[in-house]
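> Pasting the sequence and the predicted model now:
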Amino acid sequence: MAAGPGRAMAAAALSLGRAPPRPLVVILGATGTGKSALALQLGLRLGGEIVSADSMQVYKGLDIITNKVSSQEQRLCRHHMISFVDPLVSNYTVVDFRDKAVALIEDIFSRDKIPIIVGGTNYYIESLLWKVLINTKEKASKAPGLVTDRKVELEQLDGAELHRLLSQVDPEMAAKLHPHDKRKLARQDYQHGIFQSIGFKEFHEYLVSEGKCSPETSAVLLEKGIQALKQVTKRYARKQNKWVRNRFLRRPGPNVPPVYGLEVSDPLRWEEDVLKPALEIVESFIQGREPPAEPVRMEHDVKENKRSHRVCELCDRVIIGDREWAAHTRSKSHLHHLKKRRKLEATSRAAEGGSGDTETSDSSLPLP
């Protein structure tokens with residue numbers, strides 16, 4: 001189902017050689033719209049098991065920051081892909097997730113249960129619905145002497161080099177640690193793994209300054225983190241909604257599951273507007289009949305040419321399709337090159353305008 005203000009649930013019927021087929025349910029949409037709550041209720045009522053598709057929830061600890069479901073909720077309905085990766089491991093990839101999650105989904109199907117994917121992370125969900133990934137880790141791991149674990153890799157460096165790297169990402173912490181304390185130095189890498197989570201980076205300055213500044217300064221840093229968290233959360237929600245529109249609704253192909261919208265704007269009507277229609281749609285797939293709701297579709301421009309061929313000489317790229325060309329011309333990369341070219345042209349015109357003999361140049365000056 002595709003959501004209005006923020007949540008969508010995509011339901012795809014996957015046949016196991018018997019009728020009716022068991023559906024693979026995917027609950028997706030913007031952050032903060034109750035996806036986990038819906039997954040829990042569907043799992044309880046339909047005999048399903050939940051597979052988290054969140055790139056931060058795979059890590060152990062930091063449950064509040066990553067908004068994990070509680071241990072009580074996990075006891076009510078079985079959850080997978082939560083809290084099994086060490087936070088210091090930075091080389092956990094979407095391919096690792098895909099390989100483990102696919103095996104889990106097959107096992108859930110084999111036990112005649114319904115897998116309920118809840119995300120989370122856009123590219124994690126894509127990895128399960130589309131075969132778009134290439135596993136490069138196996139090739140890399142065959143290289144002699146290659147270290148793939150970031151923690152082990154850091155600990156292999158000498159103390160001076162570790163201290164230098166730490167000084168670049170956290171100079172205050174580097175000042176507190178001795179260059180020979182390799183174990184603690186190796187643990188201060190905030191650029192990878194769980195430390196990318198929304199809610200961690202925004203409060204980093206406040207956390208590292210604790211006990212080292214006045215209460216007034218600490219309060220200012222806390223408020224700064226809160227405001228930054230609000231901004232990045234809103235930005236992330238817009239990004240998630242845009243992904244649903246572009247990946248599922250604008251160009252639905254044969255492999256795109258039907259998407260059904262759920263109205264989530266009124267928390268007081270959650271059961272009527274969210275849970276009840278979601279149950280009806282999934283049950284219709286289980287029973288092999290048409291869902292009572294129509295999938296969400298976006299109108300297409302009949303004049304759109306999906307195979308148009310354009311060359312952007314500025315970016316040295318070939319762009320196929322009208323929609324892709326429009327997106328490219330609005331992209332940061334293209335606008336950056338455009339700005340750079342205009343600056344060079346302006347500099348060139350200024351240089352040409354300043355050339356010539358002195359008399360010509362003087363006569364072109366405006367009168368006072």
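Great, that's in hand.
> average model confidence for stretch 316-335?
Averaging pLDDT along stretch 316-335 gives 86.
> Determine how far the last residue of it lies from the first.
Criterion C-alpha to C-alpha, to the nearest Å; first-to-last residue distance in stretch 316-335 is 13 Å.
> which residues sit against that stretch?
By C-beta atoms under 8 Å, 6 or more residues apart in numbering, the list of residues contacting stretch 316-335 from outside reads 250-251, 301, 304-312, 314-315. For glycine as for every other residue, the C-beta is placed from the backbone atoms N, C-alpha and C.
> Any idea which of these the model trusts least?
For the contacts of stretch 316-335, the least confident entry is residue 301, with 53.
> circling back: any chance of the contacts of stretch 316-335 in TSV, plus secondary structure, distance to residue 72 and neighbour count?
Shown next, in TSV, are the contacts of stretch 316-335 (DSSP: H, G, I helix; E, B strand; the rest coil; distance: C-beta to C-beta, whole Å; neighbours: other C-beta atoms under 10 Å):
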residue	secondary structure	distance to residue 72	neighbour count
250	helix	40	13
251	coil	41	14
301	coil	49	8
304	coil	50	12
305	coil	54	12
306	coil	49	11
307	coil	53	7
308	coil	54	13
309	strand	57	10
310	strand	55	14
311	strand	58	10
312	strand	54	17
314	coil	56	14
315	coil	52	16
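> which residues of the stretch 101-250 of the chain fall in helices?
Applying DSSP state H, counting those that start in this stretch to the stretch 101-250 of the chain gives helices spanning 122-129, 137-141, 150-155, 159-169, 171-176, 182-186, 204-208, 215-244.
> what's the least confident stretch among these?
helix 137-141 (a mean of 45).
> Give me the neighbour count for residue 293.
The local packing of residue 293 (other C-beta atoms under 10 Å) involves 16 other residues.
> before we move on, what SS does it have?
Judged by DSSP: H, G, I helix; E, B strand; the rest coil, the three-state class of residue 293 is coil.
> Residue 259 is in contact with that one, correct?
No: applying C-beta atoms under 8 Å, one finds residue 293 not in contact with residue 259, separated by 10.6 Å.
> List the residues that contact residue 225.
Contacts of residue 225 (C-beta under 8 Å, 6+ apart): 202, 203, 205, 206.
> Can you give me the domain assignment for the chain?
For the chain, the structural domains run 7-130+239-286, 147-229, 309-352, going by automatic domain parsing.
> any chance of those domains in a markdown table, plus distance to residue 297?
Converted to a markdown table, the domains of the chain look like this (distance: least, C-beta to C-beta, whole Å):
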| stretch | distance to residue 297 |
| --- | --- |
| domain 7-130+239-286 | 7 |
| domain 147-229 | 31 |
| domain 309-352 | 16 |
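> Before I go, just wanted to say thanks for your time.
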